[in-house]
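Participant: Model the following, please.
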Amino acid sequence: MKIAAGVGKNKNILEASKLVEFDVILTESEEEFIDMLFEGKVDAAIRGSLSASKIIPKLKQKYPKGVSRASFLEIDGYKFLLAPVGIDEGDDISGKIQIIENGAEFLLKMGIKPKIAVISGGRAQDKGRSDKIDNSIVQGEVLTAITKNKYSIKHYFILIEKAIADKANFILAPDGICGNLIFRTFIFWGSGKSHGAVTLGIEEIFIDTSRSQTVKGYVSALEFARYLVELKTKNKKVD
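Facilitator: Next up, the predicted model:
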């Protein structure tokens with residue numbers, strides 16, 4: 001098994017690569033990183049602290065139907081997906097539906113039945129306080145109505161704490177900016193653990209990681225990538 005990892009300004013990935021029991025191919029070049037991933041020279045790739053603005057557009061160019069990232073998070077043994085976490089993702093209903101479809105498919109491949117929590121910008125009774133709040137709530141209601149016959153899904157409005165208490169395993173943030181802020185608060189200020197952000201809607205295994213990640217965080221992302229490679233191999237054998 002070979003996994004590529006990007007080396008940018010955050011050198012913690014160098015130490016992390018020494019703490020895993022599989023080959024990690026390090027690169028400081030976004031071009032080489034993408035080439036290894038797309039040409040199948042590695043089984044998976046971890047962004048490390050390379051430039052997302054140089055890597056993500058390449059993925060979106062190859063997969064124009066939609067690419068999004070979902071962080072796989074954990075707290076006290078409770079694991080869940082959080083999406084979108086790319087700050088330019090999940091801005092409209094069609095984009096959110098694609099994220100729900102891809103995220104649910106990912107969980108099912110892991111043997112997990114999706115339990116989806118849609119989060120919006122206010123409580124139900126907050127309608128009328130601003131156009132932005134109204135639009136967010138309406139989007140949450142529409143998304144839930146469209147997908148309720150296919151998935152176990154509930155609109156929690158702004159009450160993300162209730163979604164977590166109900167052990168939802170897929171939390172859909174109002175947009176990518178909110179998702180990124182939730183992620184940063186949960187990981188860098190709270191007591192949560194990140195396994196990295198899996199990229200949905202692509203054939204390759206690409207794990208996005210924060211440029212501020214710790215050694216422990218990068219190790220977790222590398223181990224998550226290995227798990228996904230093993231799972232993909234197992235599923236191919238079953239097929």
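Participant: what's the burial count for residue 55?
Facilitator: Look at residue 55: counted by other CB atoms under 10 Å, it has 21 neighbours. Glycine gets a C-beta too; all of them are placed from N, C-alpha and C.
Participant: who does the helix or strand where it lies touch, helix- and strand-wise?
Facilitator: Using DSSP states H and E, residue 55 maps to helix 52-62. Using 3 or more CB pairs under 8 Å, 6 or more residues apart in numbering; DSSP states H and E, the elements in contact with helix 52-62 are helix 30-38.
Participant: Can you report how many residues lie near residue 203?
Facilitator: 10.
Participant: Helix or strand: which one has it?
Facilitator: Applying DSSP H and E, one finds residue 203 in no helix or strand.
Participant: quick one: it and residue 122, what's the gap?
Facilitator: Relative to residue 122, residue 203 is positioned 38 Å away (CB to CB, to the nearest Å).
Participant: And the residue of the chain positioned farthest from its centre, its phi and psi?
Facilitator: Distance from the C-alpha centroid of the chain peaks at residue 128, with 32.0 Å (CA atoms, centre = their mean). For residue 128, the backbone dihedrals (degrees, to the nearest 10) come out as phi 100, psi -10.
Participant: how near is it to residue 118?
Facilitator: For residue 128, the distance to residue 118 - CB to CB - is 20 Å.
Participant: ditto for residue 195
Facilitator: Taking CB to CB, one finds residue 195 at 22 Å from residue 118.
Participant: These two - which one has more neighbours?
Facilitator: residue 118 (25 against 21).
Participant: would the more buried one count as being in a helix?
Facilitator: No: under DSSP: H, G, I helix; E, B strand; the rest coil, residue 118 falls outside any helix and is assigned strand.
Participant: can you list the weak-confidence ranges in this structure?
Facilitator: Counting by pLDDT under 70, the chain shows low-confidence ranges at 238-239.
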